[in-house]
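> Got a predicted model here, sequence first, then my questions.
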Amino acid sequence: MKKTENCKLIRKREIADGIFDFVVESEFMAKEAQCGQFLHVNCGDSTFLRRPISICDSGNGEVRFIFEVKGKGTEALKNKEVGDMIDIMGPLGHGFEIPKDVKNPVIIGGGIGVFPLLKLAKELGGNATVFLGFRNKDRVVMEEEFERTSKTTIVGTDDGSYGFDGYIASAMDQYLNFNECDMIYSCGPMPMLKAVKKIAEERGIKCQISLEQRMGCGIGACLVCSCETHKEGTDRYAKVCTNGPVFYSEEVTLND
Ligand code: FES
């Protein structure tokens, strides 16, 4: 179920250069939100177009989302102040599935793709092993929050300036040589998703990935977000906004 609501901004923090952490009030969205779903946010810029932003966490009448300033919309959004109202539609999309029989989950996120994974880590009951990859030390965020909500958290940087030295998918691959895993959950840049999909499929591990896609309506009406999928031997086009953003890796073709 979704709703469009004017939500009051109650907390705001810049957690890294150009990355803003917002918490808004909404009893409805806090109750309805599932991990991996997103909000369609009217940023208040001159275009009035909504921007899709993942839900990072929710509960107790509050919804948290984190975004990177990338264009006019998010530039306008970052200027909202505590007490301002934000027009938000949500929660939208199909999020992560948590099958009851999953015993050894692994979560892997890269860059701004780590944000929707926090709620997932909580809902996995602190049982997940988490891999977080960033470009360099200055971009590392949320390490302590993931440490508090997971079994183990491994952080890496592409340039080796902090934690594991290299691509975070390689760290996960090395871990899987010696540890059991029955589900991989992933969100991040396309090269990382491709590497994760390959590793999961070669090892025969089920894998869910969250896709980032340009969106228009966010509710399945405009087809801007179409992606190629395969299910039960049939190729078809799915809508990332309603069928996703989370898909099983074997269902999707990952293009650059
Ligand atoms: Fe319009 Fe998905 S964004 S159909």
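Yes, it's here.
> C-alpha from now on. contacts and neighbour counts both.
Fine.
> So which residues on the stretch 151-256 of the chain come close to the ligand?
Within the stretch 151-256 of the chain, the positions near the ligand by Cα under 6 Å from any ligand atom are 215-225, 239-241.
> hmm, try it at 5 Å
Neighbours of the ligand within the stretch 151-256 of the chain, by Cα under 5 Å from any ligand atom: 215-218, 220-223, 225, 241.
> List the residues that contact Glu27.
Taking Cα atoms under 8 Å, 6 or more residues apart in numbering as the criterion, Glu27 is in contact with 60-62.
> Let's have those residues in JSON lines, adding secondary structure.
As requested, those are exported to JSON lines (DSSP: H, G, I helix; E, B strand; the rest coil):
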{"residue": "Asn60", "secondary structure": "coil"}
{"residue": "Gly61", "secondary structure": "coil"}
{"residue": "Glu62", "secondary structure": "strand"}
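> is it possible to export these to JSON lines including distance to Pro99, neighbour count and pLDDT?
As requested, these are arranged in JSON lines below (distance: Cα to Cα, whole Å; neighbours: other Cα atoms under 10 Å; pLDDT from 0 to 100):
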{"residue": "Asn60", "distance to Pro99": "25", "neighbour count": "10", "pLDDT": "95"}
{"residue": "Gly61", "distance to Pro99": "26", "neighbour count": "13", "pLDDT": "97"}
{"residue": "Glu62", "distance to Pro99": "26", "neighbour count": "20", "pLDDT": "98"}
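> Any quick PyMOL command for the buried ones out of the residues of the stretch 151-256 of the chain next to the ligand?
Those of those that meet the burial criterion (16 or more other Cα atoms under 10 Å) are gathered into one PyMOL selection, given here:
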select buried, resi 215+216+217+218+220+223+225+241
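> Identify, from the residues of the stretch 151-256 of the chain next to the ligand, the entry nearest to Glu180.
Cys241 (32.3 Å; Cα to Cα).
> ok so, going back, just send the residues of the stretch 151-256 of the chain next to the ligand back as CSV, with secondary structure and pLDDT too.
Below are these laid out as CSV (DSSP: H, G, I helix; E, B strand; the rest coil; pLDDT from 0 to 100):
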residue, secondary structure, pLDDT
Met215, coil, 88
Gly216, coil, 89
Cys217, coil, 90
Gly218, coil, 91
Gly220, coil, 91
Ala221, coil, 91
Cys222, coil, 91
Leu223, coil, 89
Cys225, coil, 91
Cys241, coil, 92
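> Among the residues of the stretch 151-256 of the chain next to the ligand, which one sits closest to His94?
Cys241 (7.8 Å).
> Correct me if wrong: the closest one contacts Ala221.
No - the criterion here is Cα atoms under 8 Å, and Cys241 misses it with Ala221 at 9.6 Å.
> If you check the chain against the ligand, which residue is the closest one?
Distances between the chain and the ligand by Cα to the nearest ligand atom are smallest at Gly220, namely 3.4 Å.
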